[in-house]
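Undergrad: I'll drop the sequence and a predicted model, then ask my questions.
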Amino acid sequence: MKTTIVVAVVAIVAIAAVGVILVAPNAFSQHASTSTTTQQCLQKAYVNGKLYCFTVERPIANASQALIASSQVMYVMTYPQLNSQCSGNLTTCKVQMLPSGYMPQCDPCVQEAPFVYHDHILSGLPASGYNGTWAIVVVAYSPPFSSQAGFKPINSSQAIAAGESAGDFARINPNGPNPYEIHTKTVLEFSVYPAS
């Protein structure tokens, strides 16, 4: 089990180094023109403890540093112990439940491999309206933490730093400025709307 988690983390680092698109190209154009009030909630994200829906309009791989710096942050909170169960063969991915009974927001999202099982946390809502840009940062829960019977997912960006200090996350970027986070080169343009 430990070896497969290490392999999954290495895959995360390799993909993040060149940039990653976290939504399949066909998935974001499918509902982009629909009004946000009638839109189906295909993707979910936590914002300050509340649940929102979002629809990706455009991924930007290898985004410029200026665009990354001007974007808000989307944290992809991944579950290595679940990802490792089907990373070798994505056709074997199936709905998973953690011992606590929690099921990730992406459960599974095979088009987003190797992050098949994960949650999204937005650092905030768009300054005006519902549309904005978000730079992708990957964080991986520590399997001993997320496998606890009383596990509850982090649901705000403010709680991430405390979780990093408490050891709730895996060290997926040991040589980086923050060993718990991988800042990718991908930015997503999308609209956010309240979950009904």
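TA: Perfect, thanks for sending it.
Undergrad: After the lowest-mean-pLDDT helix or strand in the chain, which helix or strand is next?
TA: None of the helices or strands of the chain scores lower by mean pLDDT, DSSP states H and E than helix 25-29, at a mean of 37. Later in the chain than helix 25-29, the nearest helix or strand by DSSP states H and E is strand 43-47.
Undergrad: For that following strand, name the packing helices and strands.
TA: Secondary-structure packing of strand 43-47 (3 or more Cβ pairs under 8 Å, 6 or more residues apart in numbering; DSSP states H and E): strand 50-60, strand 118-122. Heads up, the C-betas are built off the backbone N, CA and C, glycines and all.
Undergrad: lowest-confidence stretch among these?
TA: When the helices and strands packed on strand 43-47 are compared by mean pLDDT, strand 50-60 comes last with a mean of 94.
Undergrad: For the residue nearest the centre of the chain, identify the helix or strand it belongs to.
TA: For the chain, the residue nearest the mean C-alpha position is Val76 (1.9 Å; Cα atoms, centre = their mean). Using DSSP H and E, the element containing Val76 is strand 72-78.
Undergrad: and that strand, how far from the chain's centre?
TA: Relative to its parent chain, strand 72-78 has a centroid offset of 5 Å by Cα atoms, centre = their mean, to the nearest Å.
Undergrad: mean confidence score for it?
TA: For strand 72-78, mean pLDDT is 97.
Undergrad: For that strand, which strands pair with it and how are they oriented?
TA: strand 118-122 (antiparallel), strand 131-140 (parallel) (DSSP bridges).
Undergrad: got the buried residues for the first one?
TA: When you say that, I think you mean strand 118-122. 118-122 (16 or more other Cβ atoms under 10 Å).
Undergrad: cool, and stretch 99-115?
TA: Neighbour-count burial for stretch 99-115 flags 104-109, 112-115 (criterion: 16+ other Cβ under 10 Å).
Undergrad: Tyr193 should be in a helix, yeah?
TA: No: if the criterion is DSSP: H, G, I helix; E, B strand; the rest coil, then Tyr193 is strand and not within a helix.
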